[in-house]
Structure formats: structure tokens, C-alpha cells
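Visitor: kindly return the folded structure for what I paste below:
(chains A and B)
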2 protein chains.
Amino acid sequence: MTSPTIPADLEAWCTANDQRALDELFAFLRIPSVSARSEHKVDCATAAQFVADRLTQIGFTTSVESTPGHPIVVGEWRGAGSDAPTLLIYGHYDVQPAEPLELWTSPAFEPTIRDGRIYARGSVDDKGQLYLHIKALEAHLATRGALPVNVIVLAEGEEEVGSVNLEAFLEREQTRLACDAVVISDSTMFAPGIPSILSSLRGMAYLEITVQGANGDLHSGMYGGAVVNPAMALARILATMHDRDGRIAIPGFYDAVRPFPDHVRAQMRELPFSDEQMMHEVGVTALGGETGYTTLERLWTRPTCEVNGLLSGYTGEGAKTVLPAHAMAKVSFRLVPDQDPAVVASLVDAHVQRVAPAGVTVHVEHLHGGRPWRADLQGPIIEAGKTALEAAFGRAPVITGEGGSIPVVGDFERILGAPVLLMGFGLPGENAHAPNEWISVENYQRGTRAAAALYEEYRRHHHHQS
Amino acid sequence: MTSPTIPADLEAWCTANDQRALDELFAFLRIPSVSARSEHKVDCATAAQFVADRLTQIGFTTSVESTPGHPIVVGEWRGAGSDAPTLLIYGHYDVQPAEPLELWTSPAFEPTIRDGRIYARGSVDDKGQLYLHIKALEAHLATRGALPVNVIVLAEGEEEVGSVNLEAFLEREQTRLACDAVVISDSTMFAPGIPSILSSLRGMAYLEITVQGANGDLHSGMYGGAVVNPAMALARILATMHDRDGRIAIPGFYDAVRPFPDHVRAQMRELPFSDEQMMHEVGVTALGGETGYTTLERLWTRPTCEVNGLLSGYTGEGAKTVLPAHAMAKVSFRLVPDQDPAVVASLVDAHVQRVAPAGVTVHVEHLHGGRPWRADLQGPIIEAGKTALEAAFGRAPVITGEGGSIPVVGDFERILGAPVLLMGFGLPGENAHAPNEWISVENYQRGTRAAAALYEEYRRHHHHQS
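Guide: Predicted coordinates:
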């Protein structure tokens, strides 16, 4: 059995166009399409139009669909005929906020190559991984004048704020978006040179907890010791969320958790992973988490509770003796099958209200949520992905899990009835939601080739199965 | 026994000059002398010069003394002769930061009278209470050409940042500052119309606790559950500081606490105080604190631990799935006799290091501290204060405690060997360290008269005792 390779004409076109593929991505990355910030609404629209324009230029029929939030771009190419399968490629053009800006070595929205990496907000999450598909589609259309399968490209602008309008859009446009498989490149490879197929994602319930005490800030000397301190109350509430073993201590939290199959856990334990290397990478002297699980199991197969932000009282230079009027925490829970974000949010709310002391009022707002997901690891799109990745990277992919969330994956499967292939090209340490986000130039280019190969392999594997 | 009154000539001068006393105070209040913020260094110098200029104008010999921080103003009038006692009047020209600015009804540094109150940062703490002494001194000098006692005015600019340079200044200038008593107006009356002598102050140890995790912000999905979250670690550390009864659970914390005498506690229990009224005033439905004590005992006689500020991770609009690299809490402890701030700071540090989880490093910085204080309630300055307050307010003062701190009070007693009279004119609800700080116009004016009477009464009581 010979190793698969990238077809020569596609490879030649990609090589001839690698520089242009970088230049175009850089233009895309310069648009500060931060979906969480209302002041960037116009930038999100600009990024959507950028994607639509590029798809139109390579031969797609495109539309930019309004939503109550940021627009959704749909590009369609239906020239493969009705006996060919239809592949839907999903990605997102929005990015995380770039703050704290002062920690970026080069500006967040001025892409810069250093040491073989493209540094910019959105480089890996997800503009780079979306755009490499556009280049792969162009490779086919420019070289052969056609794609091997029918293709729908769907790019949204609200992934970083919970894809709040996508589910309704999928429901409404079910017929137009009907497809045989979905491919998403918005994840990381296990390690450099090791292509990966992601078999599970954690879901999320992202909450904002506010504790209100007095009707205004008070002097901590004149009232301290008698008026309940909302910042201390918040700390005590947060401290009830885990027990001593790192398990989440919110009643009912684990009720819906369905354990990962033993063979999946066995595969995970075979992956080359070093706690020491992770500790070195992030700069800590010990890891933590739930007892009884390996680090990869903690990251991929177990739910978590994390504080994402804290704010109360005086946080400037020096000392101010204030008893704050309120305190805020952003708290997110990563979820595993079959936990439901809305159920988790209401369990947390009930718990928080139960443990809150008299003298303060606590409000829990569910900012956004997404369901967890686990793949059925078989069928033509999975087989095509394996072959395409091996062709592009020279070795067969490994099967991984991931701690992050792509909340829409489950929606695609449920609403469109199509299996999802998660074929990502990020790498550990890529700083996806932090300063100095990057994607490796090599992975951007190999990813383009893997995508180009995928479309062809999918036609072949689908045909075999039909 | 007739009730004491304000001498007619002083009263007449005060009445004729009440409007000018307000105008001059307003000019003082317009100077944003925020000692905690380096950008206001020039404003602090301007405020110091303002005090010096006014003292010079009324006949004092003044100097503005440099310190490593903000300057100290010393004004001297020695014309009463060597058989007259010397009174040192202490106040501070610096103010708390005014943030959050948007919660002020009128601008923090544009004094505005509404409903008989002067609203401005520093109006009550302490510019108004310092300046009424300057007007009272002027009343004597303008009316009689002399003061009944020798007077030293000492105004510092670092009270709100812990008077970090005052102790060394007192030590160095012991001879020049030698005096028979110290009077400080930087406290509140028990209630409107009830003049008060403050018999105890809590001390303070103000700490900043920082928890450092990874070397940068991480994606909470990709690392959450394995890398220890500094914000959650901080919450859990803070939650260990109190037990279920509201007692501070730091080993050794209460070792140095000397209980208040029973007769002082009995006096406190006789003061008209309503928990319901305090709850209404600050807008809460329950009070909290250490079990086994009344609210006034909690505020005046017991040490506390308060969170003054919290900051970590993402605190902006919407959701950001970040696992923060670090988290910060400003935490202050109010202390009672004979707790020592440095000892408390080191007990807290040891406790925090003991309870901190592996995987984060915790740093405790002692930002500033002050010793607690309890008065010896006898002697000429106390007797003079009682008479002067009764003359100005028409009723005898009550003896109170206070939850706040004036760290230097103990220093004055210790270094200068002189008893301290705390005769304050603030009122409950004055928002001393919060938006919409105010002093009542009536108390500013009665305070001026009380101060004018005090100097004379002090000469008289001192003479009787000599």
C-alpha cells in the first residue's frame, strides 16, 4: 500500500501561489473583527464582505446574510452534479478581543512573521484555518475549472460570542444547506508534524456572577465588619465550586456526564504527552485539576469550572480603603457529553443563591453556552480526512480530544443530519485567546494542501460507499 | 452651673466671615490633591502651598517641608508666652482618589452645596475639618490680635496613603514640634447634633495579594482543568480568611488583641444606634460580621478583614474564555489594641503561603499600615474639648469609638509625649472614601466655633491643672 500524496497539479498551483495566499490572509487579519465589542461591528461586516468577495472571485455564488448580530456568509458551488456529494465547510471570521494589547510583541492586527509563525489576532482562530480552505478551493477551480464535490462555505461572525444566531440560521436554511458532510478547521494538531482528527469537544456554559452589597461604595473602616463585603462574599461563593479533590461541588453537576469509552481513553493514554513539557511551556511548577485523571483526560474528557475574570472595588495604584458596593466574576464551565449548558447554568444559579450570605444579592447571567460533542469515528468523511492529512503531512493522523469548545459542531450534526470532520492545523502554545496568537506558516500551507486533497478524497470515499 | 457659650467677639467674627470661610474652603477643595496617584503630585504641592499661604496670611510663621513623598506644612505661632501651653493641630490636605467619577452627582473637585451639604472630594476628609481650624485661629488673631495658647499647625499630604513619611518627620523635628496636647479633627460625630469625642481608632494593615499562574493568559478550554487558575486560587485563599462565625481564621491573628474595658462597652451600648437604620442607609437587607458582638462593637472594638479590590482576567463586555495568568486582591485588616500592623502582615503572608495551592506563586505586599489607638479619657485637653463642643453644639459630647484609622494618632502620643483629642465634625453617611463625599455646612461652621472655643478652654483648663 503506497502512501497517499497531493495530486501534482494541485501541489504545483499551491507552490506557485503560497506567497499570494499569505498576502491575502494578512489583509484578512488586518481587519479587527472582534465580535464581543460593539465598537467593532463595522469591522465584523468588513471581514464578512472580505470572505464573500474572495469566494465570488474564485467562482462561488455568495451572499452575506444579515442576523440580529454579525452577518453570516454563504458561498455555494454546485457544479459537481447531483450524483456528487455536497460538503459544507464551516469557519468563522470573528476573533477574540486582543487585550491586553501591551503584551503583544507585534501589534495584534498587523500580522508579522517571526520564526516561521504568523503572529496576529485570528491567525489560527480562525481566519487562517478558514482562509486555507478558500485557497484550496481556488486550487481546484484555477487548475481544473471545477471542484470534485459540491461545496457550501459557511462563515459566521459570532463564534467567539457563542454563535448566538447560527443555530436559528441553520434551522431556517436547512434545505439550502443540506449536505453529506461538514468539515471544520478550527482546532489544533496534537503536536508539530502530527496531523490530528479531533473526536471530541467540550461544551460550555459561560456565566457572569454579580454580587451587590450596599447602594454605593463605603469606607472600609466605618462600615467594615458590619456591612457584608461583596468581594469577600464572591470569593467565598467561588471557593464553594470545587471540593478538595478538584471535583466540582455543585449539586447535580455530574448527573448527565457519560464517561468516555475505554478504548478512547486507552488511545489518549498512548499519545506522547509530558506533564513536564506542558509545565515548562506555560511556566508553572505544578499542574492541578481533578484527582484520578491524567492531564489529557482532565483536558479532554472532564468538565471544569474556571474563573475568567474578576473585578471589584479599587484596582489602581496604591491603597484605597473602600468597601466595594459590588463584585463581578466571569465564570465558565467546560462541559462533556451529555451535559446541557442551560441545565448547568440553572444548577449553578441555584447553588450560588443557596450559598450566598444574607446582606448581599447575587445575580447569575448566562452569557452563552454550547453543547459538548463526541464524534462517531467512521464513514467517508473521516476516511477522506485521514487520507488527505497523511498526503499533506506524510504520516497518518492521530485521534485526539480537545478541551476547547466549538459549540456549533453538535448543531450541524443535529440540524443538517451530516457527520462532522474536525481537521485542525493549530499547534500547542498558539495563544489562541491570548496575546501573541500565531499559526505556523508550514501548517497554513500544508493545511491548504490537505484541504485540497480532502475534497477529492471525499468524492472517492463517498463513491466507494454509495 | 451655666452652659458654656462661644465668646461673643469670636462668635460675631465667625458670623461676619462665614461666607468667606466657605469661599476659601471651596478654593482649597478645587485642588485635586490625590496622594495615591503620581499624576497628582503637582496638585498635592499646590494644596500644601495653599495651606501655608493661608497660615502666613493670618500671622503664622510657615514652612513647607519636603519629604520623599508629598510635603508637610508646618505653621507656628508662639506669641502666647512660655507659661502658656502649646497646642499642635494636625490635619491632612491630601484626598482619596475620586473614582468612579461617573457616580458623582456634581464633579468631585467642583464643590457644590445641596441641602445644606458641601459635596466635594476632601470636603470632610479632611480639608474642611483642617480648614475650620485655620478659620478659628484667624478668628482669635483678627479679633484679639493673639491666640490664648501657642499653636503649631501640621498639615501633611500622605494621610490617605498611610502617612509614610510623617513618623520620621515627627522623630526628626521632635524639639520644634514639642507640645502639651494634640488636636485632630478628622473623624465623625455620632449623629447630627450630637458632638462627639473619639476615644478609639482601629489600626490597619493594607496588603496587596498577587497570585501568579502561567507565564501568560491561556485559553480556558485548552488548559482549563489542568493548569491551576490564579483567580480561583485567589478566591479560595480569600475564603480561608474567615471562619463560619465571621472570625478571622488566620493563625495568631487575635493573639495581641486586648479587650475593650467593660465600662467603655457599656457606654457604647447606651448610644442610640439602630441596625435597621444603618441597613436602610446603605441599602442592604441584612448586616453581617463576627457573631457575639453588637454592630457598634464590630465597628469600633473588633478587628476585620476586608477585600478592597479584585482584578483578574477579562472584565470587559461579553465573554472571553481566558484562563488568566494572574489575579490581584487588595485586602486590608482593621486592627485593635495591641495588634501590630507589621506582625499582622507577616501572619497573613505565612497563612497565604500555607494555603496557596501548588501551581501558583503568591506574593503579599504590605502597602501600608497604622497602629490602633485608645485614648486615656482625662486631662485638660479632654476637658477643654468637652466644654468647647458643648458651647458650639448646645449639648455635652458623647464618647465614641470609630472603625476607621488615623494611623498617626499613636505616633503623636508616642513621639511627642502629648495626649491627643479627636474632635471631629463629619457625620454618618458622609461618603468619606466614596463618590459624593460631603460635610454639612452647619458642622463646618459650628466646628469653626468649637475650635475657636477649644483654644481658649485649653488655656483655662491647663492653667487650672498647672
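Visitor: and the longest helix for chain A?
Guide: Assignment by DSSP state H gives helix A:441-465 as the longest helix of chain A.
Visitor: what mean pLDDT does that one get?
Guide: For helix A:441-465, mean pLDDT is 94.
Visitor: likewise stretch A:96-115?
Guide: Mean predicted lDDT for stretch A:96-115 stands at 96.
Visitor: in it, which residues are buried?
Guide: Using 16 or more other C-beta atoms under 10 Å in any protein chain shown as the burial criterion, the residues of stretch A:96-115 that qualify are A:Q96, A:P97, A:A98, A:E99, A:W104, A:A108, A:F109, A:P111, A:T112. Where C-beta positions appear, they are placed from N, C-alpha and C, glycine not excepted.
Visitor: how far does that stretch stretch from start to finish?
Guide: Between the opening and closing residues of stretch A:96-115 lies a distance of 23 Å (C-alpha to C-alpha, to the nearest Å).
Visitor: are that stretch and chain B in contact anywhere?
Guide: Yes. With C-beta under 8 Å from any C-beta of the partner chain as the criterion, chain B is reached by stretch A:96-115 at A:Q96, A:P97, A:E99, A:P100, A:L103.
Visitor: so the third one makes contact with B:G316?
Guide: I take that to be A:E99. Yes. When contacts are counted by C-beta atoms under 8 Å, A:E99 is listed as touching B:G316 (7.2 Å).
Visitor: quick one: A:V42 from B:C44, how far?
Guide: Counting by C-beta to C-beta, to the nearest Å, the gap between A:V42 and B:C44 amounts to 44 Å.
Visitor: between those two, which has more neighbouring residues?
Guide: B:C44 (23 against 11; other C-beta atoms under 10 Å in any protein chain shown).
Visitor: might one say that the more buried one is in contact with B:T67?
Guide: No. In this structure, B:C44 sits apart from B:T67 without contact. The criterion is C-beta under 8 Å, and the distance is 10.8 Å.
Visitor: please enumerate the strands of the stretch 101-250 of chain A.
Guide: A:112-114, A:117-119, A:150-156, A:181-184, A:196-201, A:203-212, A:218-219 (DSSP state E, counting those that start in this stretch).
Visitor: among those strands, which comes closest to B:G252?
Guide: In terms of C-beta to C-beta, the element of those nearest to B:G252 is strand A:218-219, at 27.3 Å.
Visitor: distance from the chain centre to that closest one, please.
Guide: Its chain's average C-alpha position is 43 Å from that of strand A:218-219, according to C-alpha atoms, centre = their mean, to the nearest Å.
Visitor: that strand pairs with which strands, parallel or anti?
Guide: Strand pairing for strand A:218-219, determined by DSSP bridges: strand A:322-323 (antiparallel).
Visitor: roughly how far is the partner strand from the heart of the chain?
Guide: Relative to the mean C-alpha coordinate of its chain, strand A:322-323 is positioned 39 Å out (C-alpha atoms, centre = their mean).
Visitor: continuing past it, what's the next helix or strand?
Guide: Sequence-wise, the next helix or strand downstream of strand A:322-323 (DSSP states H and E) is strand A:326-335.
Visitor: and for the closest residue in space to A:T188 that isn't next to it in sequence, the neighbour number?
Guide: With C-beta to C-beta, 6 or more residues apart in numbering or on different chains as the measure, A:G426 is the residue that lies nearest to A:T188, at 3.6 Å, once sequence neighbours are left out. Other residues near A:G426 number 29, with proximity taken as other C-beta under 10 Å.
Visitor: also A:R20?
Guide: Applying other C-beta under 10 Å, I find that A:R20 has 11 neighbouring residues.
Visitor: sorry, back to before: now the buried residues of stretch A:96-115 as TSV including distance to B:S346?
Guide: As requested, the buried residues of stretch A:96-115 are arranged in TSV below (distance: C-beta to C-beta, whole Å):
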residue	distance to B:S346
A:Q96	41
A:P97	39
A:A98	40
A:E99	36
A:W104	38
A:A108	42
A:F109	47
A:P111	50
A:T112	47
